[in-house]
Every structure is written in structure tokens, then in C-alpha cells.
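**Q** 3D model of this:
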Amino acid sequence: MPVQSHAFGARTFPGVWRPVSSPASSCRLPDATPQPARTLLHASFLCLCILACSLARAQTDANAHAWAQCLGDPPFGSAPWGLHLKAPARRHDVFRAPQNLLLRPALKLRVHPGVELTAGYGFISHHRYGTLPVARSWSEHRPFQDVKAHHAAGRARLLHRFRFEKCRFVSGLYENQVRYMSRLTIPLRGPWYLAVWDEVFVP
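**A** Down below sits the predicted model:
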């Protein structure tokens, strides 16, 4: 009758002895990274973390900003065409000094109850502000086209916006960028609502 010996990892039959390999020992793999190399990697990672923290602390600048924004989407009567107007004004030191001004008029077309096409132009001016100002004020010109699709998500509404922008700076630099925004709007009591959104920029 066979007898299993757990203490010595061997299986015993009458007159036969055969060692049984331990599962732990059979699955162990040799460490491919030598100890000095691992120590060097750990030290390098620690130095990078310290350097990143030092740079973040060195570039910190406390500012008190105030943003005011005017939005409008007036339609052309019952026609599928309409206007889109956006004018955010961003001020530094709580409205005392200019920071940014954005003017973005556009023309939109409703091609489906849940889909809109928009084409417009954006003008953005940037001003010097704070204790670490840029070298000079500058402006951007941004013609853009976008597609908006919105649908119900329970009692809320979910908006997807895909935008293509052509950015031209006063220095003559030109670049294109693609933007995707997702916004969730949750109705509250009366005219009040809660909006949460995020946007991804792909230069």
C-alpha cells in the first residue's frame, strides 16, 4: 500500500523509493537582474522623483483668477440653422487685471434632432499676469469645425463634441489639433442643473 511522506517529499511503495520534486522549487526562476543593477535602478528612480518634486515646487505660483462667460445659441426661427456665441473673459487678481479673452462666434446646422454641425472662428488674446509672466502678450486665430452628438443617459443628457481646430499664432506658427469633449448634464430643481465635463486635446 503506498504511503505519502510530506516531510521528505518522497513517495514510498513496498520496496521502491522515488523522490518527488517540490512544486515551489520546480517553479522558481532565477533572478535575471543582478543585485547591483537593481540597486542602481532603485537609486535612479528615487533621484527622478526628488528632481520632479523640486521642479514642481520651484515653478509653483499662487494666483487668484476669476472667469466670466457669456454663452448663446439663438436659432433662426424654425430653420435648422442658428448661431453659436461664446465669450469667456478670464481675469487675474479677482477681476483687477486681464488674463485671457476668447471670442468664438460660429454658425451651426442641425442635421438630426441629436446631431449638429458647427463652423466658426476663435480669437484668443493672452496677457502678461502674475509673478511669473510670459515675455509678452500674444494672440491666436483659430478657425474650427465640430460635430456635436447628444443623447439621453437616464434622467441626464450626455454630449459628445469632436472638434478640428487650425491654430495660427502672431509669430507665424501654424498647427492643427483635434479635440474631444464629453459632458454630462444632470437636471436639478427648476432652471438649475449640474454639468460635469472633460476634454482631450490631440496636437
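**Q** is Leu117 in a bridge, and if so with what?
**A** Leu109, Val147 (DSSP bridges).
**Q** ok, it - how many residues close by?
**A** Neighbour count for Leu117, taken as other CB atoms under 10 Å: 15. In this view, the C-beta of every residue, glycine as well, is placed from N, C-alpha and C.
**Q** just the one 4 residues further on next, same as before
**A** Neighbour count of Tyr121, defined by other CB under 10 Å: 13.
**Q** what sits against it?
**A** By CB atoms under 8 Å, 6 or more residues apart in numbering, the contact list for Tyr121 reads Arg104, Pro105, Ala106, His141, Arg142, Pro143, Phe144.
**Q** Please list all residues in contact with the last one.
**A** It refers to Phe144. Phe144 neighbours (CB under 8 Å, 6+ apart): Arg104, Ala106, Thr118, Ala119, Gly120, Tyr121, Gly122, Arg163, Phe164, Glu165, Lys166.
**Q** which one is it nearest to, not counting chain neighbours?
**A** Closest residue to Phe144 apart from its sequence neighbours, by CB to CB, 6 or more residues apart in numbering: Glu165 at 4.4 Å.
**Q** got JSON lines for the contacts of Phe144, with distance to Ala66 and secondary structure too?
**A** What follows is the contacts of Phe144, written out as JSON lines (distance: CB to CB, whole Å; DSSP: H, G, I helix; E, B strand; the rest coil):
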{"residue": "Arg104", "distance to Ala66": "20", "secondary structure": "strand"}
{"residue": "Ala106", "distance to Ala66": "25", "secondary structure": "strand"}
{"residue": "Thr118", "distance to Ala66": "28", "secondary structure": "strand"}
{"residue": "Ala119", "distance to Ala66": "31", "secondary structure": "strand"}
{"residue": "Gly120", "distance to Ala66": "25", "secondary structure": "strand"}
{"residue": "Tyr121", "distance to Ala66": "26", "secondary structure": "strand"}
{"residue": "Gly122", "distance to Ala66": "21", "secondary structure": "strand"}
{"residue": "Arg163", "distance to Ala66": "26", "secondary structure": "strand"}
{"residue": "Phe164", "distance to Ala66": "31", "secondary structure": "strand"}
{"residue": "Glu165", "distance to Ala66": "26", "secondary structure": "strand"}
{"residue": "Lys166", "distance to Ala66": "30", "secondary structure": "strand"}
